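Visitor: Sequence first, then the predicted structure:
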Amino acid sequence: MDPDRVRREQDHFDKVAEAEGYSWWGAGTPAGKLRTERRSALVRDALGPDPRKLVLEIGCGSGEMTPHLAGHFRLVVGIDVSLGLLKRFRQRLGGQAAGVLADGERLPFRPGTFDAVCGNNILHHLELDRILPVCARQLKSGGRLAFAEPNLLNPQNWIENRITFVRRLRPYSPDEMPFTRWHIVRKLKEHGFRDARARPFDFLHPSTPDRLIPAVSAFGRFLERMPLTGEIAGSMIISAVKI
Ligand SMILES: C[S@@+](CC[C@H](N)C(=O)[O-])C[C@H]1O[C@@H](n2cnc3c(N)ncnc32)[C@H](O)[C@@H]1O
């Protein structure tokens, strides 16, 4: 990856670590925590929990997803470029998972080291044509990949990311950009994966007031099952298998 881009991500997330104590602005709200729990469960199920599996988590940040994975696998190794966030990760996870300071594209591991590769809100911070070959290289043959990412077709995501003056008002890093499910499935196929899938889900916004969470969650799950509204859910669960 462009070294300037890595530096911009580092600077951005070191500041986020200081200001928020979390990797993203909504992670600490009750609705934000529920979102993370659901995303993590979907990622965990897509990877196939197994106490023999070694898992690589790219862009682990402050470890919002990691506690939901640790304990279901032999070891989760989280990597991130932000030292500020990795310090939070290590405080939070203790010995439950390993946290390594590294750029996703320059990993200090031998090819074929991992049984599974995953992440939460990270692929859209990276260049897919560079990070997907790294994921393929790090995985054993038949190894599984799973990521939870924002869905570009969600109206809020689209407006906040594609309309320049709105984007400037949001706490986004300079280079991040969500994508559509068709785009990521095509890229996964191009980069040596089979059974590539991406399914939109989740209408629960992190700022949903506590008392409305049950109703918004139930209505959101209804909308997810409908053909048109299902396409514009806020997030996507992405999965694939290395050929
Ligand atoms: C939106 S945060 C998500 C963090 C975490 N996965 C979570 O769920 O809270 C994106 C993360 O990607 C990390 N990141 C950005 N570029 C990276 C790169 N080239 N290699 C590794 N991590 C990177 C950032 O430091 C940040 O922690």
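Guide: Received, thanks.

Visitor: going forward, measure contacts and count neighbours with C-alpha atoms only.
Guide: Noted.

Visitor: Quick check: residues of this structure near the ligand?
Guide: Selection of the chain residues close to the ligand by CA under 6 Å from any ligand atom yields 6, 9-10, 13, 23-24, 58-65, 79-82, 103-104, 119-122, 125.

Visitor: which non-adjacent residue is nearest the residue most central in space within the chain?
Guide: Residue closest to the mean C-alpha point of the chain, counted by CA atoms, centre = their mean, is residue 120 at 1.6 Å. Excluding the flanking residues, the one nearest residue 120 by CA to CA, 6 or more residues apart in numbering is residue 148, at 4.9 Å.

Visitor: Tell me the predicted confidence for that neighbour.
Guide: Residue 148 carries a pLDDT score of 98 in this model.

Visitor: Looks to me like it is in a helix.
Guide: No. The assignment for residue 148, made by DSSP: H, G, I helix; E, B strand; the rest coil, is strand rather than a helix.

Visitor: doesn't residue 201 make contact with it?
Guide: No. Counting by CA atoms under 8 Å, residue 148 sits too far from residue 201 to count as a contact (9.7 Å).

Visitor: overlap in contacts of those two?
Guide: Common contacts of residue 148 and residue 201 (CA atoms under 8 Å, 6 or more residues apart in numbering): 235, 236, 237.

Visitor: where exactly do the helices run in this protein?
Guide: 3-20, 30-47, 66-69, 83-93, 128-138, 155-162, 164-167, 181-190, 213-225 (DSSP state H).

Visitor: Among those helices, which comes closest to residue 110?
Guide: helix 128-138 (7.1 Å; CA to CA).

Visitor: List the buried residues of the closest one.
Guide: With burial defined by 16 or more other CA atoms under 10 Å, the residues of helix 128-138 counted as buried are 128, 131, 132, 133, 134, 135, 136, 137, 138.

Visitor: Distance of residue 196 relative to residue 40?
Guide: Going from residue 196 to residue 40 by CA to CA, to the nearest Å gives 19 Å.

Visitor: Would you check that residue 80 makes contact with residue 59?
Guide: Yes. Here residue 80 reaches residue 59: they are 4.6 Å apart, a contact under CA under 8 Å.

Visitor: Who has more neighbours out of the two?
Guide: Between residue 80 and residue 59, counted using other CA atoms under 10 Å, the more crowded position is residue 59 (27 against 24).

Visitor: Next, the contact list for the more buried one, please.
Guide: 78, 79, 80, 81, 104, 119, 120, 122.

Visitor: ok, so of those, who is nearest residue 230?
Guide: residue 120 (20.2 Å).

Visitor: I'd say the closest one and residue 80 touch.
Guide: No. Residue 120 is beyond contact range of residue 80, at 11.9 Å (criterion: CA under 8 Å).
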